[in-house]
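S.K.: predicted structure and sequence below. I'll ask about it afterward.
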Amino acid sequence: MIDKVYCADVTPEMEGKKVKLAGWVYRKREVGKKVFIVLRDSSGIVQVVFSKDLNEEAYREAKKVGIESSVIIEGTVKADSRAPTGAEVQGEKLQIIQNVDFFPITKDASDEFLLDVRHLHLRSPKVAAIMKVKSTLMQAAREWLLQDGWYEVFPPILVTGAVEGGATLFKLKYFDRYAYLSQSAQLYLEAAIFGLEKVWSLTPSFRAEKSRTRRHLTEFWHLELEAAWMDLWDIMKVEEELVSYMVQRTLELRKKEIELYRKDDIKTLKNAVPPFPRISYDEAIDILQSKGVNIEWGEDMGADEERVLTEEFESPFFVYGYPKHIKAFYMKEDPEDPRKVLAADMLAPEGYGEIIGGSQREDDYDKLVQRILEEGMDPKDYEWYLDLRKYGSVPHSGFGLGLERLVAWVLKLDHVRWATLFPRTPSRLYP
RNA sequence: GCCGCCGUAGCUUAGAUGGUAGAGCGCCGGACUGUUAAUCCGGCGGUCCCCGGUUCGAGCCCGGGCGGCGGCGCCA
């Protein structure tokens, strides 16, 4: 690899030092006998000045390059308050790796166009900042999971059936029969706890829902945990500790990138420390009714209701104890109130809403069969899953976190599609 | 699945009443001794999403189609 100095590492203190830079032309301005090139690489930007009087050959090369051309530049560092970063490089040599005639993305680009040229937009510092934050959130997650004794496992993506009753599956040909793309690793993680007790996975999940909202993608990255011997309250503690660590660590390591999107408005992120507020579904309904929202006990909270609720909080919070009939079949019935299940969602504040869905799982064979029948499904389709309740069944709990939803909240993005490299939505499969 | 909105140059768009498609940005050429997505002068660039209809004449009116966007439901 080329021995280069990163743009962001060029500081006024390096005055007089010779450096070699490699990157892309971010801005170019020709003024009289000078050419100003703002060079960009993965670290950030630095301005390079080519002067006709100083080095005519380099100046002529600099005049030729177009925006986003790849170049290698050699020069001398000079502190200068007029430079965007306080330091710049006096260009002495410019090697054009590939010249670009014109770059399609200019200042007046619509969101729609940026998605059409997503493969080119990814290089912009603002998009790169999102990807850095996403990377750091997962780095933090791995740090926490490792120190807390969780095993990473690698579940299948090609599956035979549904996890959620309602969610639709992408169907594909599998030799002489059909398979589906996984919409959750949960059932497989439940199988894995019998050997490993505390497991997690990061997989893409697929939902063939024609959802047109700021919180949905047809393909998203799903961080799922499942643990034996944990009840709902235990797994909620895991959730808040994990999310808190992810957020606090990212605040520490990615301050610059977060400020790009939130400026100084990081209060709710700082507030994300245990214990997160916990309210019951019953309390949530009371709050909503007192706010004049038309909702009755037993109804699921829609987007509007969830938004009203999240505006009541200034940190992520839990809603637990949902009515059984609005939740999935595998969730354990509340022994103290059979109308409810031992389920909890974690909602992000500021209108973002659900980022985690979790529950204690039904570990009793007969009850699980009954729930499957109640949902109008066939227990035969869940034979292996039911087996887990016949051979050393244990109380266990787990949850799934939507990584793009977490990123969207952390960076206050207006849509989860900005939190993924190449978003997949019902109408977008390209690039 | 449901409700709503939009397709004009590479991009962002203006085009009352139907009458020779206009601008800004980008790009090309020129000017400029320090620019901060510079400024100034000149130039290139159009299947007005597609098909059909009405009309002397359609970017505009009518019908159908295609594509995209916003929201609901569903969920992470």
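M.R.: Happy to help now that I have it. Residues are numbered from 1 along each chain as shown, chains lettered A, B, ... in the order given.
S.K.: from here on, just use CA atoms for contacts and neighbour counts.
M.R.: Noted.
S.K.: by proximity to RNA strand B, which residue of the stretch 1-150 of chain A wins?
M.R.: A:Lys107 (3.0 Å; C-alpha to the nearest atom of the strand).
S.K.: repeat that for the stretch 201-350 of chain A.
M.R.: Nearest to RNA strand B, among the residues of the stretch 201-350 of chain A, is A:Ser211, at 2.7 Å (C-alpha to the nearest atom of the strand).
S.K.: number of residues surrounding that residue?
M.R.: For A:Ser211, the count of nearby residues is 13 (other C-alpha atoms under 10 Å).
S.K.: repeat for A:Ser81
M.R.: Using other C-alpha under 10 Å, A:Ser81 has 11 other residues around it.
S.K.: how about the contacts made by it?
M.R.: A:Ala87 (C-alpha atoms under 8 Å, 6 or more residues apart in numbering).
S.K.: let me see the confidence value for it.
M.R.: Here, the pLDDT recorded for A:Ser81 equals 94.
S.K.: can you pull the domain assignment for chain A?
M.R.: A:7-98, A:118-419 (automatic domain parsing).
S.K.: ends of the last one, how far apart?
M.R.: From the first residue to the last, domain A:118-419 extends over 12 Å; the measure is C-alpha to C-alpha, to the nearest Å.
S.K.: pLDDT on that domain, on average?
M.R.: The predicted model assigns domain A:118-419 a mean pLDDT of 94.
S.K.: A:Phe102: how many residues sit nearby?
M.R.: By other C-alpha under 10 Å, 12 other residues sit near A:Phe102.
S.K.: figure out the helix or strand that it lives in.
M.R.: Assigned by DSSP states H and E, A:Phe102 belongs to no helix or strand.
S.K.: what sits against it?
M.R.: A:Phe102 makes contact with A:Gly66, A:Ile67, according to C-alpha under 8 Å, 6+ apart.
S.K.: confidence score at it?
M.R.: The model reports A:Phe102 with a pLDDT of 89.
S.K.: quick check: the gap between it and A:Ser70.
M.R.: With distances taken as C-alpha to C-alpha, A:Phe102 is found 13 Å from A:Ser70.
S.K.: same thing with A:Cys7?
M.R.: Noted for A:Cys7: a distance of 14 Å to A:Ser70, by C-alpha to C-alpha.
S.K.: those two: which has the busier surroundings?
M.R.: The neighbour count for A:Cys7 versus A:Ser70, taken as other C-alpha under 10 Å, is higher for A:Cys7 (25 against 22).
S.K.: quick one, what contacts that one?
M.R.: A:Cys7 sits next to A:Leu21, A:Leu39, A:Arg40, A:Asp41, A:Ser43, A:Gly44, A:Ile45, A:Val46 when contact means C-alpha under 8 Å, 6+ apart.
S.K.: neighbours of the fourth one, how many?
M.R.: Using other C-alpha under 10 Å as the criterion, A:Asp41 is surrounded by 20 other residues.
S.K.: and the stretch 201-350 of chain A, which residues reach RNA strand B?
M.R.: Neighbours of RNA strand B within the stretch 201-350 of chain A, by C-alpha under 7 Å from any atom of the strand: A:207, A:209-220, A:222, A:300-304, A:326-328.
S.K.: which of the residues you listed fall in helices?
M.R.: A:Ala303, A:Asp304 (DSSP state H).
S.K.: just the buried members of the residues of the stretch 201-350 of chain A next to RNA strand B?
M.R.: For these, a burial check counting by 16 or more other C-alpha atoms under 10 Å picks out A:207, A:209, A:215-220, A:222, A:300-301, A:327-328.
S.K.: show me where the stretch 51-200 of chain A has strands.
M.R.: For the stretch 51-200 of chain A, applying DSSP state E, counting those that start in this stretch gives strands covering A:70-79, A:87-98, A:151-152, A:158-159, A:171-174, A:177-181, A:198-206.
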